[in-house]
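Peer 1: One predicted model, sequence on top.
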Amino acid sequence: MNKSDLIEALAKKENLTEKQAVDVVNLMFKGFVNELKAGGGIEIRGFGSFSVRDYEAYKGRNPKTGKVVQVKTKRLPFFKVGRELKKRVDG
């Protein structure tokens, strides 16, 4: 399922216009991004949680040239699957 599939399913299930469904999905994603940018976390019971992890700088290697490069510090989103979702997927 991709974003447009999600929008279509939401519009059908909740009897919304496509524009309304687009607005709802975009609002939700924008809220997720803003919360993660602010350093917060998102927990959806039964599904999982999103958080941000900080990674230190390190020396990496360009696989094509073999040249050593300095990789800067970075913050990346991390998703941890919830117990209920694991059980449902596993059957």
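Peer 2: Everything's here; your move.

Peer 1: The chain: strands as residue ranges?
Peer 2: Assigned by DSSP state E, the chain shows strands spanning 42-44, 48-55, 58-61, 68-71, 74-81.

Peer 1: Between these, which one is closest to residue 33.
Peer 2: Nearest to residue 33 among the strands of the chain is strand 74-81 (8.9 Å), distances taken as Cβ to Cβ. No exception for glycine: its C-beta is placed from N, CA and C like everyone else's.

Peer 1: distance of the nearest residue to residue 39 once chain neighbours are set aside from residue 36?
Peer 2: Leaving out its chain neighbours, the residue that sits closest to residue 39 by Cβ to Cβ, 6 or more residues apart in numbering is residue 52, at 6.4 Å. Distance from residue 52 to residue 36, counting by Cβ to Cβ, to the nearest Å: 5 Å.

Peer 1: And these two? Which one has more around it.
Peer 2: residue 36 (18 against 15; other Cβ atoms under 10 Å).

Peer 1: before we move on, back to that, can you put the strands of the chain in JSON lines and add distance to residue 2 and mean pLDDT?
Peer 2: As requested, the strands of the chain are exported to JSON lines (distance: least, Cβ to Cβ, whole Å; pLDDT from 0 to 100):
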{"stretch": "strand 42-44", "distance to residue 2": "19", "mean pLDDT": "96"}
{"stretch": "strand 48-55", "distance to residue 2": "18", "mean pLDDT": "96"}
{"stretch": "strand 58-61", "distance to residue 2": "31", "mean pLDDT": "96"}
{"stretch": "strand 68-71", "distance to residue 2": "30", "mean pLDDT": "96"}
{"stretch": "strand 74-81", "distance to residue 2": "17", "mean pLDDT": "96"}
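
Peer 1: can you redo those strands as JSON lines with distance to residue 14?
Peer 2: Listed next are the strands of the chain as JSON lines, based on distance: least, Cβ to Cβ, whole Å:
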{"stretch": "strand 42-44", "distance to residue 14": "18"}
{"stretch": "strand 48-55", "distance to residue 14": "23"}
{"stretch": "strand 58-61", "distance to residue 14": "46"}
{"stretch": "strand 68-71", "distance to residue 14": "44"}
{"stretch": "strand 74-81", "distance to residue 14": "25"}
